[in-house]
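> missing the sequence, but the structure's below:
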């Protein structure tokens, strides 16, 4: 708290000094002079934040609302004032007054920040916030629409599309014309959310309100048309821009070129490219990267070299993004040799591979089963001082989990955490799966507790991985507990969930309980698949209950599923165990006639059932 001398230097009135000294004599006594709007205003303008915090129990929304209008000349201190108050001192009127004053600042950052806080706190509905801001504008005699524009922007930044659109319409109803930038924010949000029909609604409203579109507006709508696959109309839209007196820019053309390339229409993209350069608009790296991506996607790799030469003719040098596009395409096709060729070429011309380059190559090596080579890439990253990012670690963790190397997976997991990076829910699921394979389900359960502490809610795939792990480790009871947790968290099971539990029951010989789960599936409108029926057939066959196994086979046929290799193998194994070799051989003939090739399991079961190995092998060779 400032000294009395400090207060004098701030030129407070002697009356204010007397009030201040009286109020701060003792923390245990109540103020002897009432707190007024004047005292608060002078405390804010002199930045007496400790004093204001001390008074917070004595303040109320009415007093704050009376104080805020007097702070119009000090908008830069309003946000700090609000943040030093207890929420109990504030209501929606206080917040709206504060936001309206903050909107007078050159930067909208503080007003938008407070708006987002109010929206996220759910203190009031969009209608109440809008009405509060309208009242605040009137009280503060603000003519500008800025504060309401900022409200729409805040909803857009929070990706609350419906509320943003409702506030846009409320502005229209009040006869307050939104800024074109506000409309652009709405259009951009709807594009990002792929709700293009809403973008067209707002664009039509702009036309009705006789608002002039900017080049940004047109570019967003060109992007909308490309997203909808209407490339011809997108091209026509560029001509419409010129008729409206708005000159298309590089972004306008790049958007259409990118759209054509995504569709695989390289000729169409080249025509737009030519039209663009004919108007004197020079391409940039994004233009060429789109063309490179399109050509690689269409298998026109031979044309890429000439395209890169054309790029250089415009004074542009291929970037890491250009080469990453080439590398990504090669990795997607499984051509790792070519991918590494491009990596070497970029290094040769002096382009340092980015972390994205390494991520593409590491991921491709894992998919190709070449884990040892990833260590060389990590060493190369270290030498070039390219730091691994969250994606790198997640690729490594997921890759080692897939091959069952829990030790290495957790080594990279610990490294990721130590660097302050965040695993994804996919990474956690991979770790749970590998712990299940290693019969370490206690650790898997502990990991879920850790995930929940971080505020991450398990999804269906993670729950299925947990259930699978518990069933594989003969703990069906714990698997059902996990399913109960799913239900509590409103995560709906699917056929994978039920199939796993059914397999767990059948493994223990509890086929009747597994059958009850099949009925429960149907009751929850989850359609059983061929795995569901094969699980029951295998369960009955292992137990020797062949009449029930064939009954389920008939149910399977009735449900529209054809028997698979697993179906026949289970039935043949069951029949052979009961010394029904003749019936087993009949099934073998049936499966071959249906185009299903027997495997080693089929023949081993038949050999065991028939007993005469030499005789059977002779028949096998004949078949």
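Thanks, I have the structure now. Everything numeric here is computed off the predicted structure, so don't read it as measured data.
> hey, let's count contacts and neighbours off CA atoms from now on
Fine.
> And the helices in the stretch 401-550 of the chain, which stretches?
Using DSSP state H, counting those that start in this stretch, the helices assigned to the stretch 401-550 of the chain run over residues 406-418, 425-437, 441-453, 460-472, 476-488, 495-507, 511-523, 530-543, 546-558.
> and residue 104, which of those is closest to it?
Proximity to residue 104 (CA to CA) singles out helix 441-453 among the helices of the stretch 401-550 of the chain, at 41.3 Å.
> Might one say that residue 316 is in contact with residue 282?
No - counting by CA atoms under 8 Å, residue 316 sits too far from residue 282 to count as a contact (10.4 Å).
> rewinding a little: tabulate the helices of the stretch 401-550 of the chain (a markdown table), appending mean pLDDT.
Shown next, in a markdown table, are the helices of the stretch 401-550 of the chain (pLDDT from 0 to 100):
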| stretch | mean pLDDT |
| --- | --- |
| helix 406-418 | 94 |
| helix 425-437 | 93 |
| helix 441-453 | 92 |
| helix 460-472 | 94 |
| helix 476-488 | 92 |
| helix 495-507 | 94 |
| helix 511-523 | 93 |
| helix 530-543 | 92 |
| helix 546-558 | 93 |
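> Who's the closest spatial neighbour of residue 511, skipping the chain neighbours?
residue 539 (5.9 Å; CA to CA, 6 or more residues apart in numbering).
> Can you name the residues that contact the one you found?
Shown in contact with residue 539 (CA atoms under 8 Å, 6 or more residues apart in numbering): 506, 507, 509, 511, 549.
> and with 7 Å instead?
506, 509, 511 (CA atoms under 7 Å, 6 or more residues apart in numbering).
> quick one, which of the helices of the stretch 401-550 of the chain is nearest to residue 330?
Nearest to residue 330 among the helices of the stretch 401-550 of the chain is helix 425-437; the distance by CA to CA comes to 24.7 Å.
> now the closest one: how far from the chain's centre is it?
Relative to its chain's centre, helix 425-437 lies at 19 Å (CA atoms, centre = their mean, to the nearest Å).
> Could you report the neighbour count for residue 209?
Neighbourhood size, residue 209 [other CA atoms under 10 Å]: 12.
> cool, residue 406 as well?
Neighbour tally, residue 406, other CA under 10 Å: 20.
> residues touching the closest residue to it other than its chain neighbours, list them.
Spatial nearest neighbour of residue 406, chain neighbours left out: residue 434 (6.0 Å); criterion: CA to CA, 6+ apart. In this structure, residue 434 makes contact with 401, 404, 406, judged by CA under 7 Å, 6+ apart.
> let's see 8 Å
Contacts for residue 434 (CA under 8 Å, 6+ apart) come out as 401, 402, 404, 405, 406.
> Could you pick out the buried ones from those?
Buried residues within the contacts of residue 434, defined by neighbour count using 16 or more other CA atoms under 10 Å: 401, 402, 404, 405, 406.
> Would you point out the most distant pair within the residues you listed?
Taking CA to CA, the two most distant members of these are 402 and 406; they sit 9.2 Å apart.
> Good, wrapping up.
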